[in-house]
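Asks: what's the 3D shape of this:
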Amino acid sequence: MIGALNALRIAGVFSRLQHRDGKARYGTFQPRQLKLLARNLSHPALEPMAAFVRETTPFVFEES
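Replies: A predicted model of the protein is given here:
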């Protein structure tokens, strides 16, 4: 669970840096972070959290 929360937090920070602060370089790190988040959310105990993320941000689970 801690890994999923950390990956979600870092993805949010990268998104903020990219969009609000205009630091486009962080966009190159985002695909890897989203893959880590999807992998962490695949744990059966995190199904409710995965369902929420799937509903609000379905691109996290798309293959790149």
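Asks: Touching the longest helix seen in the chain from outside, list them.
Replies: Taking DSSP state H as the criterion, the chain has its longest helix at helix 2-19. Here helix 2-19 makes contact (Cβ atoms under 8 Å, 6 or more residues apart in numbering) with 23-24, 26-27, 29-30, 33-34, 36-37, 40-41, 43, 46, 49, 53. Heads up, the C-betas are built off the backbone N, CA and C, glycines and all.
Asks: how about the nearest residue to the residue nearest in space to the middle of the chain, chain neighbours excluded?
Replies: Nearest to the mean C-alpha position of the chain, counting by Cα atoms, centre = their mean, stands L34 at 3.9 Å. Spatial nearest neighbour of L34, excluding adjacent residues (Cβ to Cβ, 6 or more residues apart in numbering): V60 at 5.2 Å.
Asks: count of neighbours near the one you found?
Replies: For V60, the neighbour count with other Cβ atoms under 10 Å is 18.
Asks: so where is this structure shaky, pLDDT-wise?
Replies: In the predicted model of the chain, residues 63-64 satisfy pLDDT under 70.
Asks: rerun that using 50 as the cut-off
Replies: 64 (pLDDT under 50).
Asks: how near is V13 to H43?
Replies: 22 Å (Cβ to Cβ, to the nearest Å).
Asks: Pull the contacting residues for the residue nearest to L34.
Replies: L34, L37, A38, L41, V53, R54.
Asks: gap between S42 and T56?
Replies: For S42, the distance to T56 - Cβ to Cβ - is 17 Å.
Asks: So the two - more neighbours on which side?
Replies: Legend: neighbour count by other Cβ under 10 Å for S42 and T56, higher for S42 (12 against 8).
Asks: Need the nearest residue in space to the more buried one, chain neighbours excluded.
Replies: Here the residue nearest S42, using Cβ to Cβ, 6+ apart, is A50, at 7.2 Å.
Asks: helix or strand for that neighbour, which one?
Replies: Assigned by DSSP states H and E, A50 belongs to helix 47-56.
Asks: Just the C-alphas of that helix, formatted as PDB.
Replies: Extracted in PDB, the C-alpha atoms of helix 47-56 (Å, rounded to 0.1, in the frame of the first residue of the first chain):
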ATOM      1  CA  GLU A  47      -8.500  -3.300  -5.400                       C
ATOM      2  CA  PRO A  48     -10.700  -0.500  -4.000                       C
ATOM      3  CA  MET A  49      -7.900   2.000  -4.600                       C
ATOM      4  CA  ALA A  50      -7.300   0.600  -8.100                       C
ATOM      5  CA  ALA A  51     -11.000   0.900  -8.900                       C
ATOM      6  CA  PHE A  52     -10.900   4.600  -7.900                       C
ATOM      7  CA  VAL A  53      -7.800   5.300  -9.900                       C
ATOM      8  CA  ARG A  54      -9.300   3.400 -12.900                       C
ATOM      9  CA  GLU A  55     -12.500   5.500 -12.700                       C
ATOM     10  CA  THR A  56     -10.800   8.900 -12.300                       C
END
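Asks: Noted, bye for now.
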